[in-house]
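**Q** coordinates only, sequence not included:
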């Protein structure tokens with residue numbers, strides 16, 4: 001099939017997703033897969049959209065994406081998110097264990113471990129995982145948000161607010177970072 005066509009459709013899908021036009025983005029990624037069923041990147045993007053929407057088939061689509069590109073950390077993290085969304089914590093833990101072996105120095109992997117531990121009411125375990133994620137990537141916003149939530153729940157308000165204030169100072173033009181700081185202050 002036409003490589004340029006599938007590449008352009010994939011780029012179009014990513015632009016549409018970034019603009020929040022999720023239905024059209026999904027159409028673009030499905031068209032890529034119709035033209036080239038082996039297009040792993042499109043499969044991962046489609047899985048991310050299905051997880052984001054909470055679709056019933058999110059785990060199935062994410063599993064297909066992870067099988068299509070087993071070396072893709074993004075595909076495997078998407079599968080973990082889908083499993084956690086479905087509250088299949090044992091499967092999510094097994095997938096994270098494999099990911100931690102394959103990618104021990106990737107912040108998003110530790111962030112997802114923190115999310116899983118938080119879902120299992122393990123505040124200290126979540127704190128440790130989020131802290132490790134931030135050691136690897138100080139601007140890992142999901143980890144900052146998770147650690148802030150853990151701190152606020154544990155009554156560490158000053159520590160949580162100091163962290164998000166530092167984030168806002170460090171990245172004053174990053175809208176997502178400012179949103180994390182604003183949400184923490186609103187809490």
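**A** Thanks, I have it. All figures in this text were calculated on a predicted structure; none of them were measured in a lab.

**Q** make it CA atoms for all contacts and neighbour counts henceforth
**A** Will do.

**Q** where does this protein have low pLDDT?
**A** 1 (pLDDT under 70).

**Q** Show me where it has its helices.
**A** Under the criterion DSSP state H, the chain contains helices at 3-18, 22-35, 40-53, 58-68, 73-85, 89-102, 107-119, 123-136, 141-153, 157-170, 175-186.

**Q** Kindly state the distance between the middle of stretch 10-28 and the middle of its chain.
**A** 17 Å (Cα atoms, centre = their mean, to the nearest Å).

**Q** Kindly report the same for stretch 78-92.
**A** So, by Cα atoms, centre = their mean, the centroid of stretch 78-92 is 12 Å from its chain's centroid.

**Q** In it, which residues are buried?
**A** By 16 or more other Cα atoms under 10 Å, the buried positions in stretch 78-92 come out as 78-86, 89, 92.

**Q** For it, measure first residue to last.
**A** 10 Å (Cα to Cα, to the nearest Å).

**Q** Show me what it is in contact with.
**A** 44, 47-48, 51, 54, 58-59, 62-63, 66, 93, 95-96, 112, 116 (Cα atoms under 8 Å, 6 or more residues apart in numbering).

**Q** picking up where we left off before, could you dump the buried residues of stretch 78-92 to a markdown table with distance to residue 140?
**A** Below are the buried residues of stretch 78-92 laid out as a markdown table (distance: Cα to Cα, whole Å):
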| residue | distance to residue 140 |
| --- | --- |
| 78 | 16 |
| 79 | 19 |
| 80 | 17 |
| 81 | 16 |
| 82 | 20 |
| 83 | 21 |
| 84 | 19 |
| 85 | 20 |
| 86 | 24 |
| 89 | 23 |
| 92 | 21 |
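
**Q** sorry, back to before: buried subset of the contacts of stretch 78-92, written for PyMOL?
**A** Here the buried members of the contacts of stretch 78-92 are turned into a PyMOL selection, burial being counted by 16+ other Cα under 10 Å:
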select buried, resi 44+47+48+51+58+59+62+63+66+93+95+96+112+116
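
**Q** Residue 147: which of the contacts of stretch 78-92 is nearest?
**A** Of all the contacts of stretch 78-92, residue 147 sits closest to residue 112, with 11.8 Å by Cα to Cα.

**Q** For that closest one, give its distance to residue 79.
**A** Separation of residue 112 from residue 79 (Cα to Cα): 11 Å.

**Q** Could I get the contacting residues of residue 31?
**A** Per Cα under 8 Å, 6+ apart, neighbours of residue 31: residue 9.

**Q** no no, residue 132
**A** Residue 132 makes contacts with 107, 110, as judged by Cα under 8 Å, 6+ apart.

**Q** how much space between it and residue 110?
**A** 7 Å.

**Q** again with residue 59
**A** 20 Å.

**Q** And residue 96, by the same measure?
**A** For residue 96, the distance to residue 110 equals 9 Å [Cα to Cα].

**Q** try residue 140
**A** Distance from residue 140 to residue 110, by Cα to Cα: 10 Å.

**Q** Need the residues touching each of those two.
**A** With Cα under 8 Å, 6+ apart, residue 140 and residue 110 have common neighbours residue 133.
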